[in-house]
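Chemist: need the 3D shape of this:
(chains A and B)
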Amino acid sequence: MATVTIADIDNTVIDPATRPGVMTGRNSPGSVTEQVASLAERSRPSTAWKAAFAISVSATLMFFSLVGYLIATGVGVWGNNAPVFWGWPIVNFVFWVGIGHAGTLISAILFLFRQNWRTSINRFAEAMTIFAVTCAGIFPAIHIGRVWFVYWLAPVPNSLAMWPNFRSPLLWDVFAVTAYATTSALFWYLGMLPDLATLRDRATTKLRRMAYGIAALGWNGSSQQWRLFEKAYLLLAALATPLVLSVHTIVSFDFATSQMPGWHTTIFPPYFVAGAVFSGFAMVITLMVPARAFFGLKNLVTLRHLENMCKVVLATGMMVGYAYGIEFFIAWYGGNQYEQFAFINRALGPYWWAYWTMVSCNVLAPQLFWFKGVRTTPWAMVAICVFVNVGMWFERFVITVTSLSRDFLPSSWGYFVPTPVDILMFLGSFGLFFTLFLLFCRYLPMVAMAEVKSVMPHGEAH
Amino acid sequence: MSTVAPPRPEAVPEIEPESNGLVASFNSVDTVLEAVRVLRSGGIERIDVHSPHPIHGLDDALGLKGSPLPWGAIAGAAIGLGSGIWMAWWMNAVDYPFIISGKPLFSIIPSLPIAFELAILFAAFAVFGGAIAFGGMPKLANQKFRIPSFARATDDRYVLAVDSRDKCFDLVGTRALLDEVGGEGVTDIPPVATSEKRIPRTVWMAAAVLCVLALVPAVLIAKARNSTSTKPRLSFVSDMDHQPKFKPQTTNSFFPDGRSMRPQVEGTVARDDLREDDQYYLGRNSGHGGLAANAAEKDSDGWVTAFPLTVDESLIRRGRERYQIFCATCHGQGGDGDGLVTLRALELEQGTWVKPTSLHAEPIRGQPVGRLFNSISNGVRKMPGYASQIPVRDRWGIVAYVRALQRTRAATSADVPSEILPNMRELN
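Modeler: Numbers count the residues shown, from 1 in each chain, chains lettered A, B, ... in the order given. Okay, here's the model as predicted:
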C-alpha cells in the first residue's frame, strides 16, 4: 500500500504521468489538525518568538511615539518641503499597499483559477495583506497634517455643510483602501471560521474555549453551513479579484491624473498592479521561508509552493521591467520635452542612484529565478526577494520624488533629504507589521486546515 | 430521493423529551455518504452532516438546493453603485456645488471609482452577512457541543446527526439503523434543560444598565446642540483659535504707553486719509471747526450751500439707490418719515422712538446741502452717523436725491421741460 513515489518527497519534479501532490509525506485530516492547531496551542512561546516579539514591539512603540511627536509638532518633522510635498510617507503608503496585494491574489485569483496549491499558503498571505494594509493606512492618515480632522475624508454631515470632493483621486483612494481592508478582513475571517471552531473544540482551558468559541460564532460544520461557506467564499473571491486590481489602479490615479511629467501616463494602472503583485509575492516568500522552517510546516508548504511563487515573482518582475522600458519609449515617442527631461533626469539626474538600485533589484535580480536550482533553494529565494522588496520601495521613491523635485518651476527645484523621523517611522512600520504577524502566528491557525483537508485524497482511514 | 417505502406509521412519535436526536461518527467521507443514502431511503429527511471540510456530493445526497447569496451580492452591489453615484451627484452638485476648473458639477466617469468600490464593499457585506445569518450564526450554545465525540467534527470525523423532530424518527429504530450503517459512538443529543433556557437576571440587569449608560453621551450631545451657552466652546486642538498676536483695545507691555494699538506717527498721513478738501469731506467751508463739530451747530456755521462736486443724473440715481438701502427704512421712500421701521416702532408704542423729521418740513428744506451731508455723516439726535457705512461720494449722491425729493413736493408742471411733459408718466 505504502508505495512512496518521488512526488511524496520532492513535488517539484515534473512527472507528466501524475499530478504532483499539494503536500509531501503522508498526511491525513487528523494529522493536519494536529500539526497546525498545536502551533497555536503551545502554552509557552519559544525563546526565538519572544525575542522577535520584543524587538518588533519596541519598534512599534517607537513608531507610535513618533506618530505622537508628529501630531504634536506638525508635519515639519518630516523632510517633506517645497517642492517635494509627498515624501517618504506616500512612498511608504504605496509600498505597504502593494505588499498587501499578493495576499488577495493568492486567496482570490488563484482560487478562481482552481489552483489547489494555494490552500497551504492563503491564510498566511491574507494575514500579511491585512497587516500590510494596516501599516499602509496609517501613513496617509498622518500625512494630512491636522490628523484630528481625518473624518473630513469621509462623507459625514457636519456643521460646515461641507462634503468631500468626489472628483479627487485622493478621495477615490480613501474609498478604495477602506473597501479593500474591509473586504480582505471579511474574506480572511470567513475563511478562518472553521479553523477557529477547530481550535475551540480542541481547547483545554476555559479561557481558550470561550475566546475561540466567540470568535468561531458557533460554527458546527453542518452541511448547510459548508454549502453557504463555499458559495460565500466563491463570491467573495469573485468580488475581491476586481477589487484588488482596482485598488492599486486607484493608487496609481493619485499620480496619473495629475499633470506632473513622469506621473501623467496611462501605463500607470497596469504597471502599479504588476508591481504590487511582484512586491507582495516577494514579501510572502521572505516571510514564508523562515516561518515554514521555524514552525515545521515543510510538508504543507512545500518546495513546490515556493517554486510556484518564484515563478510569479519572475513573471511580474518582467512586467515591471517592461513598464520601465515602455516609459522611456513613450517619453521619446510622445515627443513631449518635459516628459523626456523627467525620464532622462530619473536615470542620469541627481537621483540616478535610486533609479539604478530600482532597476537592478527589480529587473536584474529576479532573472536568477530562471534557474531551477535557485527556485528550489530557500535561502537564495529569500535573498532575491529581499532585493525585490528593496527595489520596489525604491520604485515608489523614484516615481514620487524625482518627478516632484523637478516640477514646472525651475526656481523651486530641490533635492529631497529625509529626516531621522522619516527613517525611523519607516522602520517602525515594519515593527507594527511584524508585531501583528507574530501575534497571528502565535494565536491563530497559520494554515487553512479545512481547505487543506478538502484538497487531500479522501476516504483514507488513518 | 423518493424511491422508497412510505414512512412507518407506528414510528410517528410524540417528541421524546429526553432526546433531541442522535449523532453518530464516521471516519471517512465514503462511509458517511453511504449512511446518508441509507437513512434517506428509509424516509428520514432531517439529517445533517457535520464535517471538518466541505464534502462534495453531500448537497445532492441531502437534497439541498439553491442559495440566496448571489442575489444578496447583486443587491449589495446595486445599492453600493447607486449610493456612490448618488453621493457624487447630491453632495458635489446639489448640496455643496464644487466648482473645479469650470468642469461640470456632475458627470458619471469620475463618480465611477467610488461607486465601484462601494458596490464591491456592499456586496461583500451582503455575502458575508448572508453566509453567517443563513448558517444560523452567531449561535454560541448548541446542544451538540455537549457531546464529547462531536468535537472531532471539526478535526477528522464526519458526524451524522438525525433530528428527533423528523417524522420517521424513532429513538430505538434509528439508533439501530445508525449502528447498522457503521456509525460509531451513537449518542443522544441531550435536550435543553428548562433552567438553561433563561438568560440569568443579572445579565439582563447588566444589559439594561449598559443600554442606559450608552445613551448618556448621545443625550449630552443632543442637549449641547439644542441649547445656547455663554462659555467659549471646548477646543481640544487650539492651534488656530489662539494665535500669538495683539488685537485692538488690548494692552501690550512692549510699548511705554501700554497700548497695543499704535497712534499715527506724527507728520504722516495714512493711505486714503488725506482729506484736505473740507467742503467735500465735511460739507463746510474751511476754518469752521474740525471733526468735533456736530449737527447742533447753526446754519450760519459755514455750511456749503453748493454741491462741491458735479451733480449729474448718474450721481442722483446712485443717491436714490443708496437712499433706498440706508435711509428709506426709517425716513420712508418719499422722505415723509414713514419708513417700515418707524411704523413698526410707533405701533409698539415703547416711547423710545423718535420719529424722523419729514424731509419735506420747512426747516429741512431750508438747510444748506453741507448741513444735510453732515447729518448723514455724523447723525442727528437718535440717528447714528453713516460715515463708516457710506462713502463720501455716495453721501453727496443721497443729498442730491433728497434735494430732488424735496423739489417734487413744490414743483409745478412748469418745472418740467415741455418736450418731456406729455410722456412724463412713462418715465422712471
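
Chemist: output the below-cut-off pLDDT ranges for the chain.
Modeler: Using chain A. Per-residue confidence of chain A (counting by pLDDT under 70) places the weak regions at A:1-22, A:25, A:457-462.

Chemist: try chain B instead
Modeler: Confidence mapping of chain B against pLDDT under 70 gives the ranges B:1-18, B:193-197, B:238-239, B:287-301, B:427-428.

Chemist: all helices of it, in order?
Modeler: Defined through DSSP state H, the helices belonging to chain B, from first to last, are B:29-41, B:58-62, B:69-89, B:108-134, B:171-180, B:194-197, B:201-225, B:278-281, B:313-322, B:328-331, B:340-348, B:362-365, B:369-378, B:392-410.

Chemist: ditto for the stretch 101-250 of chain A
Modeler: Ranges of helices in the stretch 101-250 of chain A, per DSSP state H, counting those that start in this stretch, are A:110-112, A:122-143, A:169-202, A:206-216, A:223-256.

Chemist: can I get those helices in JSON lines including mean neighbour count?
Modeler: The way it works is simple: take the backbone N, C-alpha and C, and place the C-beta from them, glycine included. Shown next, in JSON lines, are the helices of the stretch 101-250 of chain A (neighbours: other Cβ atoms under 10 Å in any protein chain shown):
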{"stretch": "helix A:110-112", "mean neighbour count": "19"}
{"stretch": "helix A:122-143", "mean neighbour count": "23"}
{"stretch": "helix A:169-202", "mean neighbour count": "23"}
{"stretch": "helix A:206-216", "mean neighbour count": "16"}
{"stretch": "helix A:223-256", "mean neighbour count": "23"}
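
Chemist: would TSV of those helices with distance to chain B be doable?
Modeler: Conversion of those to TSV gives the following (distance: least, Cβ to the nearest Cβ, whole Å):
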stretch	distance to chain B
helix A:110-112	13
helix A:122-143	14
helix A:169-202	4
helix A:206-216	6
helix A:223-256	4
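
Chemist: mind putting the ones you listed into JSON lines with distance to residue B:175?
Modeler: Rendered in JSON lines, the data for the helices of the stretch 101-250 of chain A read as follows (distance: least, Cβ to Cβ, whole Å):
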{"stretch": "helix A:110-112", "distance to residue B:175": "41"}
{"stretch": "helix A:122-143", "distance to residue B:175": "39"}
{"stretch": "helix A:169-202", "distance to residue B:175": "24"}
{"stretch": "helix A:206-216", "distance to residue B:175": "29"}
{"stretch": "helix A:223-256", "distance to residue B:175": "21"}
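
Chemist: how about these, which one is nearest residue A:339?
Modeler: Ranking those by distance to residue A:339, with Cβ to Cβ as the measure, places helix A:223-256 first at 13.0 Å.

Chemist: packing partners of that closest one?
Modeler: The helices and strands touching helix A:223-256, judged by 3 or more Cβ pairs under 8 Å, 6 or more residues apart in numbering or on different chains; DSSP states H and E, are helix A:88-104, helix A:110-112, helix A:169-202, helix A:268-294, strand B:47-50, helix B:58-62, helix B:69-89, helix B:108-134.

Chemist: who are the contact partners of residue 192?
Modeler: Since you didn't name a chain, this refers to chain A. Residue A:192 makes contacts with A:123, A:444, A:445, A:448, as judged by Cβ atoms under 8 Å, 6 or more residues apart in numbering or on different chains.

Chemist: my question was about chain B, not that one.
Modeler: By Cβ under 8 Å, 6+ apart, residue B:192 lies in contact with B:20, B:143.

Chemist: farthest pair within the contacts of residue A:192?
Modeler: Maximum distance among the contacts of residue A:192 (Cβ to Cβ): 10.8 Å, for A:444 and A:448.

Chemist: what about these two, which has more around it?
Modeler: Using other Cβ atoms under 10 Å in any protein chain shown, the more surrounded residue of residue A:444 and residue A:448 is residue A:448, with 27 against 18.

Chemist: what residue, apart from its backbone neighbours, is nearest the more buried one spatially?
Modeler: Counting by Cβ to Cβ, 6 or more residues apart in numbering or on different chains, residue A:448 lies nearest to residue A:123, which is 4.4 Å off, once chain neighbours are set aside.

Chemist: report all helices and strands that the host helix or strand of residue A:453 contacts.
Modeler: Take DSSP states H and E as the rule and residue A:453 turns out to sit in helix A:449-455. Helix A:449-455 sits against helix A:29-41, helix A:169-202, with contacts defined as 3+ Cβ pairs under 8 Å, 6+ apart.

Chemist: report the distance from it to the chain centre.
Modeler: Averaging C-alpha coordinates over helix A:449-455 and over its chain gives two centres that are 23 Å apart (Cα atoms, centre = their mean, to the nearest Å).

Chemist: what of stretch B:98-107?
Modeler: A distance of 22 Å separates the C-alpha centroid of stretch B:98-107 from that of its chain, computed with Cα atoms, centre = their mean.

Chemist: that one vs chain A: in contact?
Modeler: Yes: using Cβ under 8 Å from any Cβ of the partner chain, stretch B:98-107 reaches chain A at B:98, B:100, B:103.

Chemist: let's have these in TSV, adding neighbour count and distance to residue A:194.
Modeler: As requested, the residues of stretch B:98-107 next to chain A are arranged in TSV below (neighbours: other Cβ atoms under 10 Å in any protein chain shown; distance: Cβ to Cβ, whole Å):
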residue	neighbour count	distance to residue A:194
B:98	17	48
B:100	11	50
B:103	11	50
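
Chemist: all set, thanks.
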